[in-house]
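Student: got a predicted structure plus its sequence, pasted below:
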Amino acid sequence: MYLKKLLNELQADKELIDWVEDKSIEQVIESCKKGDWLLWLGYKMNLPKQELTLAKAKCAATVKHLLDNEVSFNAIDVAEKFGNQLCNRDELDKAASNAYIPDNFENFADDWTRSKYCDANNLSDFDSSVETISKLGSNYFAYQSLVVKDIISNSFLFSTINSLAAKEAAKIAAFSAANITSYSSAYAAANAIAANAAERYNSLIGNRKAYATVQAAYLYILRYRNDNERDTSNICKKIIGELLIEKINKSLTK
């Protein structure tokens, strides 16, 4: 069996399948620049919970500076302890419960493709996306869509909205780190960084009393998002890279 066929069977995101092409799992691990892809793959391949949780905790820790509540800090810390075998499952579950985000964010991450975020070619999709996201009860993702729509439509960026989006995304990353059934900490972390970059960009253009150009805003935010994705990818490679290679190669030889 080829890796691409396995990914199709696992119902991988189309963007991931297209990127993999005919790569081996070794080549995928070496060249992947998205931590959320590796966490998703680790979850789907049923990697050991402790190693996977450690990777999630380290990914969530990349946005610790955006958190403003103790339960989220604790969720990341306990998740890291669990990953290092310094606490038990009950303690992990309690930390996740305390940091619980009552949003259907996992379904959102699957249903609304990653390529739509910060994509200047998809402006027509934002109104319907915001409506759909609101129905899912996810304030954070509604904020995110509105932020990007404001950027792309060359409108003024409201720093309050960006700040809220960054904090909510960071909370989701923390909750995901401690939630044993979640794999979204890297994805949420990248969104938190993007929203925070939008907030900074707003401050920059506000000081100059000028509006953002579509391309400049897009590239500014995307640069910071991509940097975080690379960081979380490197984290995942270090912690679960070899485990993924071993388990997937076994699956491919069956």
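Tutor: Yep, it's here.
Student: shaky segments in this structure?
Tutor: For the chain, the stretches with pLDDT under 70 are 1, 100-164, 205-215, 217.
Student: again, 50 this time
Tutor: The model of the chain has pLDDT under 50 over residues 102-161, 209-212.
Student: buried set for the longest helix seen in the chain?
Tutor: Secondary structure of the chain per DSSP state H: the longest helix is helix 214-252. Neighbour counts over helix 214-252 (16 or more other CB atoms under 10 Å) mark 217-218, 220-222, 224-226, 228-229, 231-237, 239-241, 243-245, 247-248 as buried. Glycine gets a C-beta too; all of them are placed from N, C-alpha and C.
Student: check which helices and strands the helix or strand hosting residue 175 sits against.
Tutor: Secondary structure assignment for residue 175, by DSSP states H and E: helix 159-178. When contacts are defined as 3 or more CB pairs under 8 Å, 6 or more residues apart in numbering; DSSP states H and E, helix 159-178 packs onto helix 49-60, helix 70-83, helix 89-98, helix 139-152, helix 185-207.
Student: how about JSON lines for those, with mean neighbour count and distance to residue 9 added?
Tutor: Compiled in JSON lines, those are given as follows (neighbours: other CB atoms under 10 Å; distance: least, CB to CB, whole Å):
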{"stretch": "helix 49-60", "mean neighbour count": "25", "distance to residue 9": "20"}
{"stretch": "helix 70-83", "mean neighbour count": "22", "distance to residue 9": "28"}
{"stretch": "helix 89-98", "mean neighbour count": "17", "distance to residue 9": "29"}
{"stretch": "helix 139-152", "mean neighbour count": "23", "distance to residue 9": "28"}
{"stretch": "helix 185-207", "mean neighbour count": "24", "distance to residue 9": "22"}
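Student: so residue 52 makes contact with residue 39?
Tutor: Yes: between residue 52 and residue 39 there is a contact at 7.3 Å, judged by CB atoms under 8 Å.
Student: so what sits against both of those two?
Tutor: Common neighbours of residue 52 and residue 39, counting by CB atoms under 8 Å, 6 or more residues apart in numbering, are residue 183.
Student: tell me how far residue 187 lies from residue 5.
Tutor: Distance of residue 187 to residue 5, computed by CB to CB, to the nearest Å: 24 Å.
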